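Chemist: Here is a sequence with its predicted model. Questions after.
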Amino acid sequence: MGHSYRWIAALFASFPLSLEASEATDQFAPFSDLSSRSVCSFCVGVQEKRGELPLFRAGVRHQTGVQVAGSWRAAETVRIRLSMEALSVVWPNGEEARGWGDLRVGTSAVLFSSESAWVPAMEVDWGVKLPNAADDADLGTDETDFFGGLYLRWFRPDWEFGVGGGLLILGDPLQFANQDDAGFLATHLSRDFRWARLSSTIDWRFESPRNPGDGRVLVGLQSSPSTGGVWAAVRGGFGLTAAAPDWQASVRLGINAPCRRAQGD
């Protein structure tokens with residue numbers, strides 16, 4: 001594990017100020033910076049995870065993914081996102097699998113916004129993971145998963161703090177017509193500088209009847225988080241529980257642009 005910490009530290013040190021983007025597979029999307037409220041965004045990236053225990057599985061695996069993700073601001077308070085990834089997975093017995101992973105679609109909506117530094121904004125978020133991976137490749141669960149959550153955000157000059165939680169409804173591919181329900185929590189803290197944003201997130205999925213708990217810490221550095229144009233990103237973290245990855249890291253390149261508005265008659 002000590003080698004993992006040194007590897008992550010070296011990764012951050014090797015990049016200039018750059019932009020953190022959403023994990024394309026991140027279920028806690030409101031605390032991801034890809035989905036900016038002021039712009040639409042598109043990105044491609046590469047992510048590496050080592051020692052992660054997949055849902056409903058007994059063995060850990062190493063995973064490399066090439067990800068494509070996008071976010072569209074459909075209305076003043078509504079954001080829609082879509083993500084897909086191509087995966088390369090190595091299992092403990094040496095078996096390998098490559099192919100497309102599952103498709104993920106989500107929506108966020110602001111219920112209440114506040115101009116006070118002490119009164120939080122309130123947001124709801126929900127999404128689905130749609131089975132797209134080949135059944136025999138073991139790159140997905142071949143089931144539809146759903147999650148929904150409620151999030152609170154506090155905004156101060158150059159600072160943002162958020163906390164949220166909700167429910168995951170996970171389809172169990174090993175027991176037909178069954179599911180596994182799990183609660184989750186997430187906390188987020190970010191600091192804006194002139195040309196960059198430094199952020200950290202703790203994601204926690206609670207233990208459920210068919211899956212162990214998954215807790216992880218993620219840290220990211222991003223350039224120009226609130227402006228349009230091209231950006232680059234780096235993000236990394238480590239697991240707090242046995243099911244979480246020993247370490248994970250990602251690098252992304254994307255572009256932000258003003259969202260096109262629908263024109264009325």
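Modeler: Everything's here; your move. Residues are numbered from 1 along each chain as shown.
Chemist: Leu253 reaches Ala233, doesn't it?
Modeler: Yes - using Cβ atoms under 8 Å, Leu253 and Ala233 qualify as a contacting pair, with a distance of 7.4 Å. C-beta here means a position set from N, CA and C on the backbone, and glycine is covered the same way.
Chemist: Need the overlap of contacts for those two.
Modeler: Common neighbours of Leu253 and Ala233, using Cβ atoms under 8 Å, 6 or more residues apart in numbering, are 43, 45.
Chemist: So these two - more neighbours on which side?
Modeler: Taking neighbours as other Cβ atoms under 10 Å, Leu253 and Ala233 compare with Ala233 leading, 24 against 16.
Chemist: Model confidence for the more buried one, exactly?
Modeler: Listed pLDDT for Ala233 reads 84.
Chemist: Assign it to helix, strand or coil.
Modeler: strand (DSSP: H, G, I helix; E, B strand; the rest coil).
Chemist: From Thr77, how far off is it?
Modeler: Look at Ala233 and Thr77: by Cβ to Cβ, to the nearest Å, they are 25 Å apart.
Chemist: Any stretches of this protein with poor pLDDT?
Modeler: 1-39, 176-177, 225-227, 260-265 (pLDDT under 70).
Chemist: residue ranges for the helices of it, please.
Modeler: 2-13 (DSSP state H).
Chemist: what ranges do the strands span in it?
Modeler: 40-52, 61-75, 78-90, 96-100, 103-112, 121-130, 145-156, 159-171, 179-192, 196-205, 214-223, 229-239, 247-257 (DSSP state E).
Chemist: Partner strands of the shortest one, with direction?
Modeler: So that's strand 96-100. strand 78-90 (antiparallel) (DSSP bridges).
Chemist: try the first one
Modeler: Within its sheet, and counting by DSSP bridges, strand 40-52 is paired with strand 61-75 (antiparallel), strand 247-257 (antiparallel).
Chemist: can you check the fifth one too?
Modeler: On the basis of DSSP bridges, the sheet neighbours of strand 103-112 come out as strand 78-90 (antiparallel), strand 121-130 (antiparallel).
Chemist: Distance to Gly101 and mean neighbour count for those strands - can I get that in TSV?
Modeler: Output for these, formatted as TSV (distance: least, Cβ to Cβ, whole Å; neighbours: other Cβ atoms under 10 Å):
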stretch	distance to Gly101	mean neighbour count
strand 78-90	5	19
strand 121-130	9	18
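Chemist: Can you tell me which of those strands is nearest to Trp159?
Modeler: strand 121-130 (13.8 Å; Cβ to Cβ).
Chemist: Distance to Asp138 for the strands of the chain - can I get that in TSV?
Modeler: Converted to TSV, the strands of the chain look like this (distance: least, Cβ to Cβ, whole Å):
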stretch	distance to Asp138
strand 40-52	13
strand 61-75	9
strand 78-90	7
strand 96-100	6
strand 103-112	17
strand 121-130	15
strand 145-156	16
strand 159-171	15
strand 179-192	18
strand 196-205	20
strand 214-223	19
strand 229-239	21
strand 247-257	19
